[in-house]
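Visitor: Fold the following.
(2 chains)
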Amino acid sequence: MIYVIDHKDSFTHNVVHQLSLFDKVECDDFSKINKSKLNKASTIVFSPGPGSPKDYPLSSKIYKQFKGKKKIIGICLGFQQILFCEGANIIEQNKIYHGFQSEVLVNKFSKLFDVGSKFKVGRYHSLKLKEPFNSENFDITMRCVTSGAAMSFENNVDKIYGFQFHPESFLTINGKILIKKILSA
Amino acid sequence: MIRENYLNRINNSNKPFAIYKTAKGFDFYTDFSKKIILNNKNINKFLNIKFEKKKNYKKTDLLIGFFGYELLNNLIGVKLPKQKNINFPKGIFYKPETKTILKNNLVYKSNYNNKISKKFKININQNSYTKIFNMFKKKIKSGETYQIKICTKYKNNSKIDPLDFFCRLAKSNLAPEAFMIKDKDFSIISCSPENLITKKGLSISTKPIAGTLRKTKKINKKKALNFFRNNIKETKEHNMIVDMERNDLSKICKPGTVKLIKEKNVEEYKDLYHYVSLITGMLKKNVKNIDIIKAMMPGGSVIGCPKISTLNLLNKQEKENRNIYTGSFGYIKFNGDMRFNIIIRSILNYKNISEISVASGVVIDSNAKHEFNENFIKAKALIDLFR
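Guide: Have a look, this model is predicted:
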């Protein structure tokens, strides 16, 4: 079972639907976490959402508790939430991407996706990862072709993955395949 | 056969009635046997009404009316702060006993002595608008909202003949979700273009609009499409609404059934082009109408995104109750089918005061002066009726 932690976003249920194609999914608001579902889940997903990671200490606590014990996936805010817990700074961007389709490139650090491949993704983020960023076993594996902003990370040791873009958006081509690969990793 | 003076006769009888645009013309509902006034307490009970199951339903086996904005916020747990309030009902539904089908060319001659004032007062001037606009832009930069709609309200004192207004509006702007209600102490006239819910059996659809272009002689449909496609701001706003509406349908539909049937099409109306998408889904078996209304309303395209945090930002800032504006009008049939629009481009006349609310979107690359003027343009089509 996959447990999606919803940060009151208007895209969370797109994520739930996409994940439902592969496994049973439960979804609760971040402030109303059901402990038994959380313990039962094999995968935890941090949803997109408004604001910044520091606004969601409860989600940070869950991440730290289950890191290395369960597969963890973060999307958009969830991506930032995980990196924030790993010591990253999450900062405002000069150019803001809401409802924007851009191209990303898979770099040589990726173990799951075809190195060098490019594809189009949908973006909805005001904030971004401040670089340089270093944390043990974490690699930035996709970047925006134009700006170079971090778009995906992989931690294949602890099975932690994240996308800054939205694989569930209709703007992302083959988002389903991205999710499938991560779920079966 | 409907006689020519049908509308005159009904209007002179002073019976309350409602009119709703259909694909072919208008449906006219009257002889109301029941009137249900909704509030924050009885709304749940109202939405959980179980209708008697029949083999053959009559065409009047439905409740028609509207949900106001406050009611819809309350339903999804968003509380409004204390606001200036004219104490207009938060929602009203009627049970009609007569339904008549009217053709597109409404025949009505007003013999009413309209005492109409042309002067309108706006509740936010350009200066205050710009301040709100800049405050929201900061909220976009910090990620609290991705798109937010600032609402301005125009008001005046006039006694109007709502049916005359509606017929004239239907002539100048035949919108697919147009409707009107006339009751004893209020009337609503709207040329809403936007369908929020069409539910038949287990199938459901929503048809968000984001992007409007005024028609001129130089712009044909193809040019309008090019305009929208090449306009990054309009495209981004529309994309956001499409993903949000997919999300809202996904709450109540079977996984894998939510589909984007029409992606960013241009629809042509008498004076306007709209940038429109169509999203459909198949409802999960155990989903009730109350779940559908909570998932879909208030309609996202007129609020902004993400819905909850954007509603909270809006409500904190707005000093006056929106009443019907960005609520929904439509019907619930006794067989469970529903049709609801989003109440925009509307006049609410209550106790001889008319109010027209309009809103336009703030995204990161919008411009305060442009959006303020855009609001006025939207209001003008309705203000022009007051003459």
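Visitor: which parts of the stretch 1-150 of chain B sit against chain A?
Guide: On the criterion CB under 8 Å from any CB of the partner chain, chain A has as its neighbours in the stretch 1-150 of chain B the residues B:140, B:141, B:142, B:143, B:144, B:145, B:146, B:147. Bear in mind the C-beta positions are built from the backbone N, C-alpha and C, glycine included.
Visitor: Now for those residues, which sits with the most neighbours around it?
Guide: Neighbour counts for the residues of the stretch 1-150 of chain B next to chain A were taken using other CB atoms under 10 Å in any protein chain shown; the highest belongs to residue B:146, which has 29 neighbours.
Visitor: burial count for residue 69?
Guide: Defaulting to chain A. Taking other CB under 10 Å as the neighbour definition, residue A:69 ends up with a count of 10.
Visitor: Sorry, I should have been clearer: chain B.
Guide: Tallying neighbours of residue B:69 according to other CB under 10 Å, which is how burial is gauged here, yields 29.
Visitor: thought residue B:273 was touching residue B:216?
Guide: No. Taking contacts as CB atoms under 8 Å, residue B:273 lies outside contact range of residue B:216: 10.3 Å.
Visitor: With neighbour numbers in mind, choose between those two.
Guide: Of the pair residue B:273 and residue B:216, residue B:273 is the one with more neighbours under other CB under 10 Å, namely 22 against 9.
Visitor: mind checking which helix or strand the more buried one is in?
Guide: Element membership of residue B:273 [criterion: DSSP states H and E] is strand B:272-282.
Visitor: buried ones in the following helix or strand past that strand?
Guide: Sequence order places helix B:289-296 as the next helix or strand after strand B:272-282, per DSSP H and E. When burial is assessed from 16 or more other CB atoms under 10 Å in any protein chain shown, helix B:289-296 yields the following buried residues: B:289, B:292, B:293, B:294, B:295, B:296.
Visitor: Can you dump the C-alpha atoms of helix B:289-296 in CSV for me?
Guide: Listed next in CSV are the C-alpha coordinates belonging to helix B:289-296 (Å, rounded to 0.1, in the frame of the first residue of the first chain):
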residue,chain,number,x,y,z
ASN,B,289,-24.1,14.1,-4.9
ILE,B,290,-22.8,15.8,-1.7
ASP,B,291,-19.4,14.4,-2.4
ILE,B,292,-19.5,15.7,-6.0
ILE,B,293,-20.4,19.2,-4.9
LYS,B,294,-17.7,19.2,-2.2
ALA,B,295,-15.1,18.0,-4.7
MET,B,296,-16.0,20.4,-7.5
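Visitor: now for that helix, which elements pack on it?
Guide: Secondary-structure packing of helix B:289-296 (3 or more CB pairs under 8 Å, 6 or more residues apart in numbering or on different chains; DSSP states H and E): helix B:43-47, helix B:69-75, strand B:195-200, helix B:232-250, strand B:338-341.
Visitor: so the residue at the greatest distance from the centre of chain A, which of the three states?
Guide: Most distant residue from the mean C-alpha position of chain A: residue A:36, 23.1 Å away (CA atoms, centre = their mean). Assigned state for residue A:36: helix (three-state reduction, DSSP: H, G, I helix; E, B strand; the rest coil).
Visitor: Are the strand ranked longest in chain A and chain B in contact anywhere?
Guide: When secondary structure is assigned using DSSP state E, the longest strand within chain A turns out to be strand A:90-106. Yes. Where contact is defined by CB under 8 Å from any CB, part of strand A:90-106 touches chain B, namely A:92, A:96, A:98, A:99, A:100, A:101.
Visitor: Filter the residues you listed down to the buried ones and hand me the PyMOL line.
Guide: Burial among the residues of strand A:90-106 next to chain B is assessed by 16+ other CB under 10 Å; the matching PyMOL selection reads:
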select buried, chain A and resi 96+98+99+100+101
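Visitor: what's the farthest-apart pair in the residues of strand A:90-106 next to chain B?
Guide: A:92 and A:101 (21.4 Å; CB to CB).
Visitor: pLDDT averaged over stretch B:342-354, what's the number?
Guide: Per-region confidence: stretch B:342-354 scores 96 on mean pLDDT.
Visitor: cool, stretch B:321-331 as well?
Guide: Predicted confidence along stretch B:321-331 averages 97 (mean pLDDT).
Visitor: first vs last residue of it, how far apart are they?
Guide: Across stretch B:321-331, the terminal residues are separated by 24 Å (CA to CA, to the nearest Å).
Visitor: what's the spacing between that stretch and its chain's center?
Guide: Distance of stretch B:321-331 from its chain centroid, counting by CA atoms, centre = their mean, to the nearest Å, is 6 Å.
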